[in-house]
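Student: Provide a 3D model corresponding to the input given below.
(one chain, ligands or ions: 1)
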Amino acid sequence: MYIVLLGPPGSGKGTQGQMLSKKLAIPHLSTGDLFREILDNDKHELYKPLQVIKEGKLVSDDIVNKVVAGSLRDPRNKDGIIFDGYPRTMAQARALDQELESIGKTLDVVIDIHVTKEVLLGRLLGRRSCPNCKRIFHVSQGISECPDCKVALIQRADDNEETILDRFEEYQSKTAPLQEYYRQGRVNYIDIKVVESARTADSVQQEVWDRLLELGLV
Ligand SMILES: [Zn+2]
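Tutor: Residues are numbered from 1 along each chain as shown. The predicted structure follows:
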């Protein structure tokens with residue numbers, strides 16, 4: 001099964017992707033994961049073009065699409081992929097459709113996780129992390145130091161209201177055309193709306209699963 005996950009930073013789509021990956025036994029892949037694997041292998045044909053990452057530059061659509069095309073043909077991914085953070089642009093969305101078609105597959109479902117600004121702010125403003133092991137906590141857990149490292153938790157500088165809202169707006173404007181593209185296509189589309197900050201990842205996962213069942217996909 002081929003799945004695309006959509007959702008702004010802080011929507012919990014990464015967690016949902018990992019949970020689904022376990023249940024469906026198909027890999028959950030972000031382009032970051034794919035890039036890292038190639039950058040660890042200097043014999044890979046895309047090793048050189050991906051060096052732009054080390055220079056802090058953006059990877060072009062063309063290169064991203066080649067990376068994804070390679071992952072679709074990787075025998076480890078023969079049963080499908082849960083894409084997280086891809087596609088980000090219309091050019092990438094079209095390329096994904098074409099690449100899937102070229103291997104005789106189609107995208108099965110888009111899972112779009114919506115969160116309100118309030119939920120996002122509640123989650124991200126309360127986020128604390130261990131400066132040592134990078135584990136993420138939330139102030140609602142009432143913990144001030146990392147249980148493993150015994151060091152005080154810190155708040156990331158970019159977890160402030162202005163930056164969070166900027167990232168949210170940027171995400172919304174960049175993703176709107178993709179949402180439109182998929183909604184008008186023949187692909188199954190699941191909207192998940194998270195409106196309460198207390199909503200757990202398990203409850204969101206249950207809703208995702210129920211919707212996949214309704215669609216006859218699981
Ligand atoms: Zn730690």
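
Student: Write out the residues of this structure neighbouring the ion.
Tutor: Listed as neighbours of the ion in the chain under the rule C-beta under 5 Å from the ion: 130, 132-133, 146, 148-149. Bear in mind the C-beta positions are built from the backbone N, C-alpha and C, glycine included.

Student: Helix or strand for Q205, just tell me which one.
Tutor: For Q205, the host element (DSSP states H and E) is helix 201-214.

Student: residues in contact with that helix?
Tutor: With C-beta atoms under 8 Å, 6 or more residues apart in numbering as the test, helix 201-214 has contacts from 12, 15-16, 19-20, 23, 109, 111, 113, 190, 192, 194, 218.

Student: For PyMOL, write the select line for the buried members of the residues you listed.
Tutor: What follows is the PyMOL syntax for the buried subset of the contacts of helix 201-214, where burial is set by 16 or more other C-beta atoms under 10 Å:
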select buried, resi 12+16+19+20+109+111+113+190+192+194
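
Student: Show me the contacts of helix 201-214 that map onto strands.
Tutor: In strands, defined here by DSSP state E, the members of the contacts of helix 201-214 are 109, 111, 113, 190, 192, 194.

Student: Just send these back as CSV, with pLDDT too.
Tutor: Below are the ones in strands among the contacts of helix 201-214 laid out as CSV (pLDDT from 0 to 100):
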residue, pLDDT
V109, 98
I111, 98
I113, 97
I190, 98
I192, 97
V194, 96
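
Student: OK, contacts around the residue of the chain most remote from its centre?
Tutor: Relative to the centre of the chain, the most outlying C-alpha is that of K150, 30.3 Å out, by C-alpha atoms, centre = their mean. Counting by C-beta under 8 Å, 6+ apart, K150 touches no other residue.

Student: For it, give its distance to L29.
Tutor: K150 is 34 Å from L29, where distance means C-beta to C-beta, to the nearest Å.

Student: can you check E118 too?
Tutor: Taking C-beta to C-beta, one finds E118 at 31 Å from L29.

Student: Give me the more crowded residue out of these two.
Tutor: Shown here are E118 and L29; by other C-beta atoms under 10 Å, L29 has more neighbours (21 against 11).

Student: any idea which element the more buried one lies in?
Tutor: strand 28-30.

Student: and the gap between the residue nearest the centre of the chain and I192?
Tutor: By C-alpha atoms, centre = their mean, the chain has its centre lying nearest to D84, at 2.9 Å. Using C-beta to C-beta, one obtains 15 Å as the distance from D84 to I192.

Student: Packing partners of the longest helix along the chain?
Tutor: Taking DSSP state H as the criterion, the chain has its longest helix at helix 161-184. Judged by 3 or more C-beta pairs under 8 Å, 6 or more residues apart in numbering; DSSP states H and E, the packing partners of helix 161-184 are strand 2-6, helix 90-102, helix 117-125.

Student: which of those is buried the deepest?
Tutor: Ranked by mean neighbour count under mean count of other C-beta atoms under 10 Å, the helices and strands packed on helix 161-184 are led by strand 2-6, which reaches a mean of 23.

Student: tell me the angle that one makes with helix 90-102.
Tutor: With axes from the mean of the first three to the mean of the last three C-alpha atoms, to 10 degrees applied, the angle from strand 2-6 to helix 90-102 works out at 170 degrees.
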